[in-house]
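Asks: no sequence for this one, just the structure:
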Ligand SMILES: NC(=O)c1ccc[n+]([C@@H]2O[C@H](COP(=O)([O-])OP(=O)(O)OC[C@H]3O[C@@H](n4cnc5c(N)ncnc54)[C@H](OP(=O)(O)O)[C@@H]3O)[C@@H](O)[C@H]2O)c1
């Protein structure tokens, strides 16, 4: 997996096609998608054109997508993946992830009330995983993994699966550093991918907490960036990469796409790495509280097993 990829959540219709094309032309080889981002058709058009124009070959790209919460039933996984493949105009994915360990009832797209959800007792992850394993067996995806899984949920999955999860995609940034998760994943051959590396500031207002800290205003990050003539984003992306974690910053802006990709050539010193380690607030920007509804099965505590 190329260590730096392009995030596509919130990349709007009309913007995402240009962003993906520009990204591939700039040198990106890894695109992070999901059915729920509602933009896979446009991404597919951009990928197809890049291949047809000889800018890139399919085998040089790494395309990830994610199973939405309403398709966790064992027999629902392959149809959901086939829809994603059709939208992306691809024969196979490089990686397919269970987006959240939060199953919905099949017809529910956006769960607002308790009765929209299924508990993990009603729809166990082990059942969803059997569908994911079938997808590998059928050649529809090369690798399978998970997203937003706690160490405990990963442990359960690793001990109850034939094909082990290749990846856990979770939030990682200087304010939420995830040392224990990194240690666990390194010890168990699970590769970590960092989402919201730059603090996901373009999230909808309803997903933002009160008085959120602003990563881009952090004094230590700004001092390091100023000293090195780099941007704060580049410092953050280099720090994540140097911890052996892949990272998928989202941008639809050509200059920012370029500077984010250029971060792969930045080397931070041990001293720089230690300075950034010191600014951890152990605070998620995307805390999963949007899955909490009165009388529903999910809470922030049982989601993250904290
Ligand atoms: N598995 C999951 O549950 C999950 C959850 C969240 C995210 N993700 C994935 O991870 C990706 C990244 O996370 P994210 O989109 O939430 O947030 P992010 O990448 O942390 O932040 C995106 C924001 O940063 C801006 N930005 C990008 N590069 C910049 C730069 N060099 N300088 C200043 N601002 C910059 C973007 O604006 P412009 O576009 O205008 O440049 C956008 O407003 C997503 O797109 C998605 O693919 C997965």
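Replies: Structure's in. What do you need? Here the structure is a predicted model, which is why all the values come from computation and not from measurement.
Asks: mind listing the strands for this protein?
Replies: Using DSSP state E, the strands of the chain run over 6-7, 30-32, 62-67, 95-98, 144-147, 167-171, 191-195, 246-247.
Asks: and the last one, how far out from the chain's middle?
Replies: When distances are taken as Cα atoms, centre = their mean, to the nearest Å, strand 246-247 is centred 9 Å away from the chain's centroid.
Asks: which residues sit against it?
Replies: Residues from elsewhere that reach strand 246-247 (Cβ atoms under 8 Å, 6 or more residues apart in numbering): 1-5, 30, 172, 191-194, 197, 237, 240-241. To be clear about C-beta, it is placed using only N, CA and C from the backbone, and glycine gets the same treatment.
Asks: just to check, residue 259 is in contact with residue 236?
Replies: No - contact criterion Cβ atoms under 8 Å: residue 259 and residue 236 do not qualify, at 11.5 Å.
Asks: in terms of neighbours, single out the busier of these two.
Replies: Neighbours were counted for residue 259 and for residue 236 using other Cβ atoms under 10 Å; residue 236 has more, 29 against 17.
Asks: please enumerate the helices of the stretch 51-200 of the chain.
Replies: 77-88, 125-137, 151-159, 179-187 (DSSP state H, counting those that start in this stretch).
Asks: save the ones you listed as a markdown table, and put in mean neighbour count and mean pLDDT too.
Replies: Converted to a markdown table, these look like this (neighbours: other Cβ atoms under 10 Å; pLDDT from 0 to 100):
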| stretch | mean neighbour count | mean pLDDT |
| --- | --- | --- |
| helix 77-88 | 19 | 98 |
| helix 125-137 | 19 | 98 |
| helix 151-159 | 16 | 98 |
| helix 179-187 | 15 | 98 |
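Asks: and the ones you listed as JSON lines, adding distance to the ligand?
Replies: Shown next, in JSON lines, are those (distance: least, Cβ to the nearest ligand atom, whole Å):
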{"stretch": "helix 77-88", "distance to the ligand": "14"}
{"stretch": "helix 125-137", "distance to the ligand": "15"}
{"stretch": "helix 151-159", "distance to the ligand": "14"}
{"stretch": "helix 179-187", "distance to the ligand": "14"}
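Asks: what does this protein have sitting close to the ligand?
Replies: 7-10, 32, 99, 147-148, 169, 195-202, 231, 233, 248-253, 256, 259-260, 286 (Cβ under 6 Å from any ligand atom).
Asks: distance to residue 275 added to the helices of the stretch 51-200 of the chain, as CSV?
Replies: Shown next, in CSV, are the helices of the stretch 51-200 of the chain (distance: least, Cβ to Cβ, whole Å):
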stretch, distance to residue 275
helix 77-88, 40
helix 125-137, 38
helix 151-159, 27
helix 179-187, 16
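Asks: and the residue of the chain closest to the ligand?
Replies: residue 7 (2.5 Å; Cβ to the nearest ligand atom).
Asks: nearest spatial neighbour of that residue, chain-adjacent residues omitted?
Replies: Spatial nearest neighbour of residue 7, chain neighbours left out: residue 250 (3.2 Å); criterion: Cβ to Cβ, 6 or more residues apart in numbering.
Asks: and the strands of the chain as TSV, adding distance to residue 180 and mean pLDDT?
Replies: Below are the strands of the chain laid out as TSV (distance: least, Cβ to Cβ, whole Å; pLDDT from 0 to 100):
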stretch	distance to residue 180	mean pLDDT
strand 6-7	24	98
strand 30-32	24	98
strand 62-67	24	98
strand 95-98	21	99
strand 144-147	17	98
strand 167-171	11	98
strand 191-195	12	98
strand 246-247	18	98
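Asks: and of those, who's closest to residue 23?
Replies: strand 6-7 (4.7 Å; Cβ to Cβ).
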